[in-house]
Structures are given as structure tokens and as C-alpha cells.
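how would this look folded up:
(chains A and B)
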Amino acid sequence: MKNRTFFWFILPSLVTMVLFIALPIGSVVIQSLHIEHSAVLKEVKSCGPFGCKNQVQIDVEATAALKEEKPLGQFTGFGTYKNRNHLALNELTKAWGTSSTWEHYFSKVYNLPFYRALAFTLTYTFVVTPLVLLLGFCIALGVNSLPKWIKGPTIFVSLLPMIVTPLIGSLILFWMIDAKGIFGASLQWIFEDPNLSLKASSTLTWIMLIVYGVWHSAPFAFIVFYAGLQTVPTETIEAAMIDGASRWERTRYVILPHLVPLIVFISLIQLMDNFRVFEPIVGFSAQASATSLSWIIYNDLTGSEGSFFGSAGATSVLTILGVAVLLIPVLIRTWRDFSRKVV
Amino acid sequence: MSELIHRRPKSFTFLIWIFVLFWVIAAGFPFLWTMWGSFKVQGDFFSKADWTYAISGVRTQIETGAAFTNDGYFGAWVTKSFWQAALNTMIVVISVVIISLTLGTLGGYALARSGKKYAFYLLMLALVFRAMPHITLVSGYLLPFFEWNIWGHLPTAIIVMVAINQPFTLWMLHSFFLNIPKDLDESAMVDGCTRFQAFRHVIVPVMWPGVITTGLFSFLLAYNDFTVTATLLSQSNQTMIPKIASFLGTTQVEGNVMFAVAAVVSATVPLFILVMFFQRQIVSGLTAGAVKG
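Down below sits the predicted model:
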């Protein structure tokens, strides 16, 4: 295809991507280097029956005018990055100096909002992804060996947790595990503890979110693996059987190697999607014990005290850096494959 | 011989059945339960006394005189004007699907036929864009949108979602167009068509299966979105999902959680129907990218 034609074909798509994906990335970087104006103060002489006093007041007009003039706020450089709500460099050094054990140090670091969110996001990403692969693979093996008439309905039901809106899915589970819902009540009955509540403990909340994550994403892995199983060459399996391979050995040495590209594909998609975990935290109202990077950005933008664009920008930039770290191995791999193909 | 592959001990078959049954219950039961419960009163669905109330509907009998009640649905759709949100969702979703498919088919076709190195770079760039958490992009839009006074309107949210949708749409349609033989449009061009005419008259008639599958996923992305719609739309323009999220706060206080339950079930129904009719396309779409590697 000629370069000119290619350009016109791709133009509309490229324009939307540049305008609404590339520019915003630039915009968050600029925002993160600025901070909201502090209110302009003025001194007013207020006179009462007991004489005159000088009072400090917020000059509403001047503040508004300043905001109007420079909507971005003041330039602070990397100030926002270094403050307590983000990388908290000072607090880290201080905690390092005052804590005697690693445990102590980590508990101090965990109290800083950014590291708290990072801890949950990473745990969620790296626990959910392997579990999704494992469960998806097991379901695929199971469904593959069912009689034909029941496969269709099984796949239909299996798709539901993935297709349903994440917020809705988490709400549905949340209501069931409520102390008065069916699971919550059953658990109380099983453990004979009328005060047992999954929402109260921070560990249980983490487990709950992870269970939701696996429930939500396992169908995706299942479908991909299931499709992969249809393409496993029967000749190889037959040959393995003749050589005396057991069922387990056939799965391990014939089927699994055949599915390796799919495992890479699912891991890639899952890492990207799990790293931005956000809706379940809203759905489960879990912010007290688990926050994610996406959630703290959302909180900065829609908090009750107005939006903190500088703070949200800084967290966004740090999140994007995190995504970049996750993506680099994949990009290098794809790059190598492509170069090999061309040469 | 293939008979032999599928022969297995009885106990093993039994285990497989138990496992699959367990999964099917885990996947399907929550929906069934919530759908059933949405026709009860709060005292039954969230029963302090006995969870079986949710099945028998004891409190529902006492409070409304029947075993099932539509109060939750009435409250959500009429009292809390959920219909408005449903209408907004419809407008947003249909626009997003149509626009992103139009842009995506043109772009995807070009990427599939180019064969140049920059097409590959563009695809890689799209992959990077696909990985960006949506909320980081939103925090880049908000301030400019406030400044330009375009925050809160449906078209803004639509165009933003089209853009967020593009990387995925491009990848998917690109791989579909690769499956359509090159000779088809090239022979049309030998006959004197321009590239666009060849696309319009030769490719468009055969591309529909791929476009429908991609459209389904665009639909799901727009329908399921919470991040963009919750932050970029004003209260009066809210779509269903942010509306449900805002229900949570208010209804809990007022003691009508059942409104939220009814709204959740209402929002799930279209998805059920979608899966029922397009199961095959969804499955093929999920696997299209994967199986080809």
C-alpha cells in the first residue's frame, strides 16, 4: 500500500488516539509538576466596640482571579512526587533511621498512602494472574472432556462472570457475602461466630478481592485454553500413548508445551488488566483496607474537597512508569520476533 | 485410536464432573440468586433472622401481601429515574460502537495491507496505549475539559471512549483483515479501482463477520465502563453504571438497597441476552488474537 493511501486510511483513528491517549499522557506529566494555588490571604482591619484588630482573611476574589489566570497552579517541579502522599522520600529515610527491624520498617512504609496502594496493586496483579491461568486451564480440561450436548450451556454460564460489568459483578458478590447475605450468614453459622464479617478484617478483604479477581478473569483464560485444546494434534497424543505416557505425562509433555504461546498471551493481557484494578474496590467498598493505584487517582479527582490535579497527575505518572516496567519484556520479545521475521 | 484417548477410568470422569459442576455453580449461582432476590424486600434478601427467608419470602409476604414484589424495580426505574440513565447508556453505547468500528475498519485495513515497518510500530504503539490504565488518561483530560467547558456532556464521553477503544479495535480488525486474501482487493485494483474503491466494493461486503465480533467487544467496553463515565459525565447525563455506584451511597442511608439490587439486575439483562445470541462470536473473538499468536 502506498504511504499516502495508508496515511489517509489510518488518519481518523490516529487522530483520536493522539488527541485522547497520547496528549493526556503529556498533560498528566505537566499537571504533576504543578500544585494548586494556596488561597491568597489579605490582612483586614476589623474594628469592634473593643478597638481595632488586624485579621487575616482569605481573599476570595484574588484567589479566583489567580485560578482563572493560571488554571494549572504553581510550578513545583518534583515537589508533589516527593511529598508524603507519593514517594515520601523524607518519611522513608526517617523510618529507616528510627526502625530497628525490617518488620517495623515495612509497617511504617505501609502506612504511607502510595506504598499501601502499590502493595495491594502488586499483590493483586501477581496473585490473580497465575491463579487465573491455573483455574482457566483446569476448567478448559474439564469442559473439553464433557459430552458434546452439555458443552454449549456450560460455556454460556462460564462466560457470565467475565462479560458482566466489573462493578456489577463485584456488587453481586458483595451483597452475598454481606453479614446478612447468603454467604456471610452461612460462614457465621459454620464458624459459630455471629460477629464474623468479611468486611471488618483487612486480610479477609484482600482475599475477597482476589477471589473476585479470579472469578472475573478465569473465563477469559478458560475460553482461550479451550480453543487451544481443540488444536492439539491428535497424532502426537497417540504417539505419546503408544510410547506409554500416562494421562498426566501426556498433559505435561504434549498438551502444555502446545499451549505455551497462549499462556504468554493470557499473562500479558491479565497483567495489564489486573494492574489497573479499580472497580472491585468501589464495588466492595474496600478502600479502608485495600486501595490500588487507580483508586487513589480516582479519589484525588473526585474527592469531596475538590480535585487535586497535581496529586492525581503525579500518581498517574508513577502508574504509567509501572505499566512500562511490566510491558518492557513483552515489547522486547515481540520486537525480536518481528526482526527475525523480516530478516 | 481416538476412542482410546477419550477412555478414562470411572472415578476420573466423576471427578471432572464434580469440578465442572462446582465451577458452573460458582459462575452462575450469584446471578441467579441476585435476580431471584431482586423481587423480594430488603428484610428477605438481607435477612437477619434466617437466610431461607430470601427463598420463601416471609417478610415480602408480610410487607406486600405477595411472595414477589416489583417495588425495587419501581423505585429504581421510576422514583430514582433509572430510565434516564438507561437512555443515556443506549446513546453512548450505540455511538461508541458505530464510530469506533468506522475508524477501526479503515485503520485496521490499512495496517493489514501496508506491510511497511511503520505499520508494525503503530501496532506496537497501540499495544502500549492499550495497557494505559484508563484512570491515568482521565486525570489528563479533566483539567482541559473543565477549561474548555466541554466536561459533563455525552459527546465528550463518547469520543473519549472511542479513542480508548481504538487500540483494541485496530488490533482485532487488523488480524481479521489479514485473513481476507490480498488477491481480492489487488485484483480489483488491477481492474482500475482506487484503493478506497477496492475497499468499499470488495472488502466491505466480506468483512462483516469480523466487524460484528469486534463490535461486540466495543459494545462491552462502552457498556461496562465505569472510569470514564463516572468522571467525565455530569449528574444529569450519567449512564447506568455510575448511576448504580451513586445509588450505593444514597440508598444505603435511606434503607432502600433493593433499588440498587433491582438496578443491577436490570443492567445485567442486556448482557445475558448478548451472550445468549452471540456466544459463538464472543468465543471466536477472544481466541482470534490468541491462537494466531
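
which residue does the stretch 1-150 of chain A bring closest to chain B?
Using CB to the nearest CB, the single residue of the stretch 1-150 of chain A nearest to chain B is A:Pro24, 2.8 Å away. Every C-beta, even on glycine, is put in place using the N, C-alpha and C of the backbone.

count the residues that sit near the closest residue in space to that residue that isn't next to it in sequence.
Distance criterion CB to CB, 6 or more residues apart in numbering or on different chains; nearest residue to A:Pro24, sequence neighbours excluded, is B:Gly140 at 2.8 Å. As a burial measure, the neighbour count of B:Gly140 was computed by other CB atoms under 10 Å in any protein chain shown and equals 28.

B:Gly140 touches A:Leu19, doesn't it?
No: counting by CB atoms under 8 Å, B:Gly140 stays clear of A:Leu19, with 11.0 Å between them.

okay, which residue is most central for the chain?
You didn't pick a chain, so chain A it is. If you average the C-alpha coordinates of chain A and look for the closest C-alpha using CA atoms, centre = their mean, you land on A:Arg276, 2.1 Å from that point.

if you could check chain B rather than the one you did, that'd help
When chain B is reduced to its mean C-alpha position, the nearest residue by CA atoms, centre = their mean turns out to be B:Leu220, at 1.6 Å.

so it sits against A:Ile163, correct?
Yes: B:Leu220 sits in contact with A:Ile163 when judged by CB under 8 Å, with a separation of 6.6 Å.

any residues in contact with both of those two?
B:271, B:274 (CB atoms under 8 Å, 6 or more residues apart in numbering or on different chains).

what about the closest residue to chain A within the stretch 101-250 of chain B, helix or strand, and which?
The shortest separation between the stretch 101-250 of chain B and chain A is 2.8 Å, found at B:Gly140 (distances taken as CB to the nearest CB). Element membership of B:Gly140, judged by DSSP states H and E, is helix B:134-147.

if you count neighbours, what's buried in that helix?
Applying a neighbour-count criterion of 16 or more other CB atoms under 10 Å in any protein chain shown, the buried positions in helix B:134-147 are B:134-143, B:145.

re the thing from before, thought the residue nearest to the centre of chain A was touching B:Val138?
No: contact between A:Arg276 and B:Val138 fails when scored by CB under 8 Å: they sit 11.5 Å apart.

what number of residues are in the vicinity of the nearest residue to B:Glu186 once chain neighbours are set aside?
Here the nearest residue to B:Glu186 in space, its sequence neighbours aside, is B:Ala198; by CB to CB, 6+ apart that works out to 7.8 Å. Residues contacting B:Ala198 under the criterion other CB under 10 Å number 22.

what of B:Trp23?
For B:Trp23, the tally of surrounding residues (other CB under 10 Å) stands at 22.

okay but it is in contact with A:Ser158, surely?
Yes: with the criterion set as CB under 8 Å, B:Trp23 and A:Ser158 qualify as a contacting pair; they are 7.0 Å apart.

overlap in contacts, these two.
With contacts defined as CB under 8 Å, 6+ apart, the residues adjacent to both B:Trp23 and A:Ser158 are A:Ile139.

what's the residue of the stretch 101-250 of chain B closest to chain A in contact with, if anything?
Taking CB under 8 Å, 6+ apart, we find B:Gly140 in contact with A:23-28, A:31, A:313, A:316.

circling back: show me how far the helix holding B:Gly140 is from its chain's centre.
Relative to the centre of its chain, helix B:134-147 is centred 23 Å away, using CA atoms, centre = their mean, to the nearest Å.

stretch A:123-139 and chain B in contact?
Yes: judged by CB under 8 Å from any CB of the partner chain, stretch A:123-139 comes into contact with chain B at A:138-139.

buried set for that stretch?
In terms of neighbour count (16+ other CB under 10 Å), stretch A:123-139 has its buried residues at A:124-125, A:127-129, A:131-133, A:135-139.
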